[in-house]
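Enquirer: no sequence on this one, just coordinates:
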């Protein structure tokens, strides 16, 4: 379909009523703030006007460091509308990492909230959303009309930083044209006489939350914004605002359905679609979500920061997507599997207009993952006879145990088929005999009598012997990383500590 926009900061459909509500900001749940599309337009224009008068160099990188809020949205759109590059910062990163990113991206100015003011002000000029004085956000960037700057071909609109799970974060420059292609390809235009309601609680510094924002605004929807994810406020917003569509990380919904007392008595009948992406999924979790929200259609998606928010969709012949299937390749996006034992398994590579042109300042890394427009995702996939794709695991997460290749996600899926298991995470623990061995952290269903021994025997009885976890720890919850995913690195350190102290919660006698 034709792309109806030319600047990623200006995706408002001006054919809809400008008085239509656009944003509900729940930073203070008892005092929600609502912006209409006209107010959002002028708030973004005010930021763009301020930046255009600030004497910044062409293409300057402007950071945003704040929890989700309306001012974040206005700054994000305004930066791009003025022709600059928006760089949302992971505010959950440590001080050393933030300093590295600001220097690496050559940040010229940062929009911040109050809690981030002191740390950022020591590194770069700031504008504080919460400063009510003459140098604060409200004073320097009041709402205004602004003529959006048309971007040049292949001009960068935003730069997101990867989580840095295997090293320092990497800057991913993404163009106006590529991201607008993704919007036009994946999502339908606004409907004048109907308004969908979206809810976002995942951070705007992550592709998942940021693309939901653009999807909602481009579609003329109402976007309800929580500053961060917490079970009770999220459930309340789902019901109170008649949310029809959510896109979230599976971990968020795992915590939601594990709190039935919070869901009880609330009306979720408006909820039509739950799209889960950015982390692996299991059949057990999908079934629990479906039971909690029986009227909603649940989709398990896949996307990367480097190559676009989505590459799969429905089957062109209407074949239903199987459980845990990621979908069928979109018609105008190229995908292929490489390096596998058969043509139907291997590492996923993608080529489409949304693919980055290269990591910021990392030519050696670019040479490894980019060739002729193809991006090597490092994600191992398999394809079934109908052409649906399934996530197997990260190539760099794969480890070898006694000569066998093990993907943690496959072991987690196996463990979570146990009726008393609520959630599992598997990490590799160094071992002299086996090189590495799988160990599991398991959250049991409330009221169950699950034991570590039962987990190990279930894995042995239902999967290949080499996959079974040699150590099991029963835990109340799994830790989160900043992007609402399970923090595997924290669990790996915990596994090493438990091993060193001999404190694994297991009485199993099974040996591998």
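Expert: Received, thanks. Fair warning: this is a prediction, and the values are worked out from it, not measured in the lab. Numbers count the residues shown, from 1 in each chain.
Enquirer: Each with direction, which strands does the host helix or strand of residue 347 pair with?
Expert: Here residue 347, judged by DSSP states H and E, is contained in strand 345-351. Strand 345-351 pairs in its sheet with strand 334-339 (antiparallel), strand 374-383 (antiparallel), by DSSP bridges.
Enquirer: Any idea which of those strands gets closest to residue 367?
Expert: strand 374-383 (10.8 Å; C-beta to C-beta). Yep, even glycine has a C-beta here, placed from its N, CA and C like the rest.
Enquirer: Summarise which helices and strands whichever helix or strand comes after that closest one is packed against.
Expert: Under the assignment DSSP H and E, the closest C-terminal helix or strand after strand 374-383 is strand 389-394. Contacts defined by 3 or more C-beta pairs under 8 Å, 6 or more residues apart in numbering; DSSP states H and E place strand 389-394 against strand 374-383, helix 408-415.
Enquirer: Give me the below-cutoff pLDDT ranges for the chain.
Expert: The model of the chain has pLDDT under 70 over residues 1, 163-167, 187-192, 432-433, 482-483, 505-512.
Enquirer: Could I get the full set of helices for the stretch 101-250 of the chain?
Expert: Using DSSP state H, counting those that start in this stretch, the helices of the stretch 101-250 of the chain run over 117-121, 137-140, 176-186, 207-218, 231-240, 250-257.
Enquirer: List the neighbours of the fifth one that are in contact with it.
Expert: Helix 231-240 has contacts (C-beta atoms under 8 Å, 6 or more residues apart in numbering) with 26, 29, 199, 201, 224, 226, 243, 246, 252, 255-256, 259, 262-263, 266-268, 271.
Enquirer: if we go to 6 Å?
Expert: With contacts defined as C-beta atoms under 6 Å, 6 or more residues apart in numbering, helix 231-240 is touched by 199, 201, 224, 226, 255-256, 259, 262-263, 266-268.
Enquirer: And the first one, by the same measure?
Expert: Contacting residues not belonging to helix 117-121 are listed as 65, 110, 112, 126, 128 [C-beta under 6 Å, 6+ apart].
Enquirer: repeat for the last one
Expert: Contact with helix 250-257 is made by 229, 231, 276, 279, 281, 285, 288-289, 292, 423, 484-485, as judged by C-beta under 6 Å, 6+ apart.
Enquirer: So which bits of the following helix or strand past that helix are buried?
Expert: Once the chain leaves helix 250-257, the next helix or strand it forms, by DSSP H and E, is helix 260-263. Within helix 260-263, the residues scored as buried using 16 or more other C-beta atoms under 10 Å are 262-263.
Enquirer: ok, residue 222 - how many residues close by?
Expert: 21 (other C-beta atoms under 10 Å).
Enquirer: Check which helices and strands the helix ranked longest in the chain sits against.
Expert: Longest helix in the chain, counting residues (DSSP state H): helix 37-52. Applying 3 or more C-beta pairs under 6 Å, 6 or more residues apart in numbering; DSSP states H and E, one finds that helix 37-52 contacts helix 70-81.
Enquirer: If you count contacts, what does the helix it packs on end up packed against?
Expert: helix 37-52, strand 61-65, strand 85-88.
Enquirer: want to try JSON lines for these, with distance to residue 195 as columns?
Expert: Converted to JSON lines, the helices and strands packed on helix 70-81 look like this (distance: least, C-beta to C-beta, whole Å):
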{"stretch": "helix 37-52", "distance to residue 195": "11"}
{"stretch": "strand 61-65", "distance to residue 195": "27"}
{"stretch": "strand 85-88", "distance to residue 195": "26"}
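Enquirer: Throw the ones you listed into CSV and include distance to residue 237 and mean neighbour count, thanks.
Expert: Listed next are the helices and strands packed on helix 70-81 as CSV, based on distance: least, C-beta to C-beta, whole Å; neighbours: other C-beta atoms under 10 Å:
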stretch, distance to residue 237, mean neighbour count
helix 37-52, 19, 23
strand 61-65, 23, 26
strand 85-88, 22, 26
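Enquirer: hang on, the earlier thing: ok, so of the contacts of helix 117-121, who is nearest residue 143?
Expert: Minimum distance to residue 143 across the contacts of helix 117-121 is 17.7 Å, recorded for residue 128 (C-beta to C-beta).
Enquirer: Could you break the chain into its assigned domains?
Expert: Recorded structural domains for the chain (assignment: automatic domain parsing) are 1-191, 302-393, 399-501.
Enquirer: mind checking the end-to-end distance for the shortest one?
Expert: When you say that, I think you mean domain 302-393. 12 Å (C-alpha to C-alpha, to the nearest Å).
Enquirer: Provide a list of residues in contact with residue 427.
Expert: By C-beta under 6 Å, 6+ apart, residue 427 lies in contact with 488, 491-492, 495.
Enquirer: Among these, which ones are in strands?
Expert: Of the contacts of residue 427, none are assigned to strands by DSSP state E.
Enquirer: Kindly reformat these as CSV and extend each row with neighbour count and distance to residue 316.
Expert: Shown next, in CSV, are the contacts of residue 427 (neighbours: other C-beta atoms under 10 Å; distance: C-beta to C-beta, whole Å):
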residue, neighbour count, distance to residue 316
488, 20, 36
491, 20, 40
492, 17, 41
495, 21, 44
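Enquirer: Inside helices: which ones of these?
Expert: Using DSSP H, the contacts of residue 427 in helices are 488, 491-492, 495.
Enquirer: between the residues you listed, which is nearest residue 11?
Expert: For these, the residue nearest residue 11 by C-beta to C-beta is residue 488; the value is 34.5 Å.
Enquirer: Number of residues surrounding residue 449?
Expert: When neighbours are counted by other C-beta under 10 Å, residue 449 registers 8.
Enquirer: Ramachandran angles for the closest residue to it other than its chain neighbours?
Expert: Spatial nearest neighbour of residue 449, chain neighbours left out: residue 420 (7.5 Å); criterion: C-beta to C-beta, 6 or more residues apart in numbering. Note on residue 420: its backbone torsions stand at phi -100, psi 0 [degrees, to the nearest 10].
Enquirer: heads up, I number from 120, so please use that
Expert: Will do, 120 is the new start, and the previous item becomes residue 539.
Enquirer: Quick one: the helices in the stretch 520-631 of the chain, in order.
Expert: Here the stretch 520-631 of the chain has its helices, by DSSP H, counting those that start in this stretch, at 527-534, 571-581, 607-620.
Enquirer: contacting residues around residue 280?
Expert: Here residue 280 is in contact with 220, 288, 290 (C-beta under 6 Å, 6+ apart).
Enquirer: Distance-wise, check the last one relative to residue 435.
Expert: Think residue 290. From residue 290 across to residue 435, the span is 36 Å (C-beta to C-beta, to the nearest Å).
Enquirer: So those two - more neighbours on which side?
Expert: residue 290 (19 against 11).
Enquirer: Cross-check the contact I'm expecting between that one and residue 279.
Expert: No. Counting by C-beta atoms under 6 Å, residue 279 is not a contact partner of residue 290; they are 7.7 Å apart.
Enquirer: ok, residue 460 - how many residues close by?
Expert: Going by other C-beta under 10 Å, the residues that sit close to residue 460 add up to 7.
Enquirer: which phi and psi does it have?
Expert: Dihedral angles (degrees, to the nearest 10) for residue 460: phi -70, psi -30.
Enquirer: What separation do you get for the nearest residue to residue 303 once chain neighbours are set aside and residue 500?
Expert: Leaving aside its sequence neighbours, residue 303 sits nearest to residue 122 (C-beta to C-beta, 6+ apart; 4.5 Å). Using C-beta to C-beta, residue 122 is found at 28 Å from residue 500.
Enquirer: okay, those two: which has more neighbours?
Expert: Of the pair residue 122 and residue 500, residue 500 is the one with more neighbours under other C-beta under 10 Å, namely 21 against 14.
Enquirer: show me what contacts residue 417?
Expert: Each residue near residue 417 by C-beta under 6 Å, 6+ apart is listed here: 393, 408-409.
Enquirer: That one - that's part of a helix, no?
Expert: No. Under DSSP: H, G, I helix; E, B strand; the rest coil, residue 417 falls outside any helix and is assigned strand.
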